[in-house]
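Student: Predicted model, plus sequence, below.
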Amino acid sequence: MDQRFISILKTASELPDDFAVSADSRLQEDIGIDSLKLIDIVLRLEGEFGVSLSEDALAQAKTVSDLWDAVAVTSH
């Protein structure tokens, strides 16, 4: 995963710098990303990576890895 991606997740979720985000971290349960934070994250990711994430991909994203996969697939 790209460090910019992790940084966006941490910043938008207001996580401390030393919080360990792993590929298996669950967006809602482990990181506390609610629907409003997810919108903020998506806007930041789209701007940073020049992608457009589909609503289907976001609805299916349950873990950090799922969200990264959506960004990576869209950017190619």
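Tutor: Done, it's in. Numbering: from 1, shown residues only.
Student: Give me the next element, helix or strand, following the lowest-mean-pLDDT helix or strand in the chain.
Tutor: Among the helical and strand segments of the chain, the one scoring lowest on mean pLDDT, DSSP states H and E is helix 55-60, with a mean of 87. Using DSSP states H and E, the next helix or strand after helix 55-60 towards the C-terminus is helix 64-74.
Student: tilt between the helix or strand hosting E46 and helix 64-74?
Tutor: Secondary structure from DSSP H and E places E46 in helix 35-49. Angle, helix 35-49 to helix 64-74, by axes from the mean of the first three to the mean of the last three Cα atoms, to 10 degrees: 40 degrees.
Student: Now find how far off-centre helix 35-49 is within its chain.
Tutor: Averaged C-alpha coordinates place helix 35-49 at 7 Å from its chain's average position (Cα atoms, centre = their mean, to the nearest Å).
Student: Just the pLDDT at the closest residue to I33 other than its chain neighbours, thanks.
Tutor: Among residues not flanking I33 along the chain, L27 sits closest, at 4.5 Å (Cβ to Cβ, 6 or more residues apart in numbering). Heads up, the C-betas are built off the backbone N, CA and C, glycines and all. We have a pLDDT of 95 for L27.
Student: Do I have it right that L27 meets S35?
Tutor: No - contact criterion Cβ atoms under 8 Å: L27 and S35 do not qualify, at 10.6 Å.
Student: Show me which of those two is the more surrounded one.
Tutor: The neighbour count for L27 versus S35, taken as other Cβ atoms under 10 Å, is higher for L27 (21 against 8).
Student: what about the least confident helix or strand of the chain, distance to the chain center?
Tutor: With Cα atoms, centre = their mean, you get 12 Å for helix 55-60.
Student: ok, and what's touching that helix?
Tutor: L38, V42, D66, L67, A70, V73, T74 (Cβ atoms under 8 Å, 6 or more residues apart in numbering).
Student: Could you list the buried residues of that helix?
Tutor: Across helix 55-60, burial judged by 16 or more other Cβ atoms under 10 Å covers A57, L58.
Student: No further questions, thank you.
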